[in-house]
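J.: Dropping a prediction and its sequence here:
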Amino acid sequence: MTTDVTTDVTTDMLTITENAAAKVKSLLKEKDAEQGALRVFVAGGGCSGYQYGMALAQEREEDDLVIEQGGVRLFVDPESAPLLKGAEIDYVEDIMKSGFTIFNPNAVKSCACGSSFDTADSSGKDSAKACC
């Protein structure tokens, strides 16, 4: 197990594939924000209870976990971290779709859209909404 350079977060917390890291670098360069990061978070809602979110961020929040892999930084808030533990971010580009995908071992139920999930304890079910 390796340790994150910035905040002593183990890299098994959340990983990013080479394809996804390359796409993040490209997006940051397009926005002239090479020193920025990809913020990854989980919010209540979505048809299965939780939904994934991602955004480019210039600054880290005081309590963010910072993971550095593949030449990019990922910011994760402490509330989202347990729901993302062991997850992998990938970037897929094929004839049907292109975009970021999260493979999450904590998700026991997910929607066909791929951006909504629930966990074994069903703690997200109270915030579930209609299918995307």
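T.: Arrived safely. Since we're looking at a predicted model, the values are computed, not measured. Numbering: from 1, shown residues only.
J.: Output the below-cut-off pLDDT ranges for this structure.
T.: Low-confidence segments of the chain (pLDDT under 70): 1-11, 46-48, 108-132.
J.: Report back the residue of it that's furthest from centre.
T.: Relative to the mean C-alpha coordinate of the chain, counting by CA atoms, centre = their mean, the farthest residue is residue 95 (23.2 Å).
J.: where does it land in three-state SS?
T.: Classification of residue 95 using DSSP: H, G, I helix; E, B strand; the rest coil returns coil.
J.: three-state assignment of residue 27?
T.: helix.
J.: ok, now how distant is the closest residue to it other than its chain neighbours from residue 95?
T.: Nearest residue to residue 27, sequence neighbours excluded (CB to CB, 6 or more residues apart in numbering): residue 56, at 6.2 Å. The C-beta positions use only the backbone N, C-alpha and C, and glycine is treated the same way. Applying CB to CB, to the nearest Å, the value for residue 56 to residue 95 is 27 Å.
J.: Over to residue 74?
T.: Taking CB to CB, one finds residue 74 at 28 Å from residue 95.
J.: Could you pull up the residues touching the most centrally placed residue in the chain?
T.: The centre of the chain sits closest to residue 40, judged by CA atoms, centre = their mean, with a distance of 3.7 Å. Residues in contact with residue 40 (CB atoms under 8 Å, 6 or more residues apart in numbering) are 14, 52, 53, 54, 74, 75, 76, 80, 84, 89, 102.
J.: where's residue 21, which helix or strand?
T.: helix 18-30 (DSSP states H and E).
J.: one step back: assumed the residue nearest to the centre of the chain was part of a strand.
T.: Yes: under three-state DSSP, residue 40 falls within a strand.
J.: May I have the beta-bridge partners of it?
T.: residue 54, residue 76 (DSSP bridges).
J.: The strand or helix carrying residue 88: which residues count as buried?
T.: In this structure, residue 88 sits in strand 87-93 according to DSSP H and E. For strand 87-93, burial by neighbour count (16 or more other CB atoms under 10 Å) applies to 87, 89, 90, 91.
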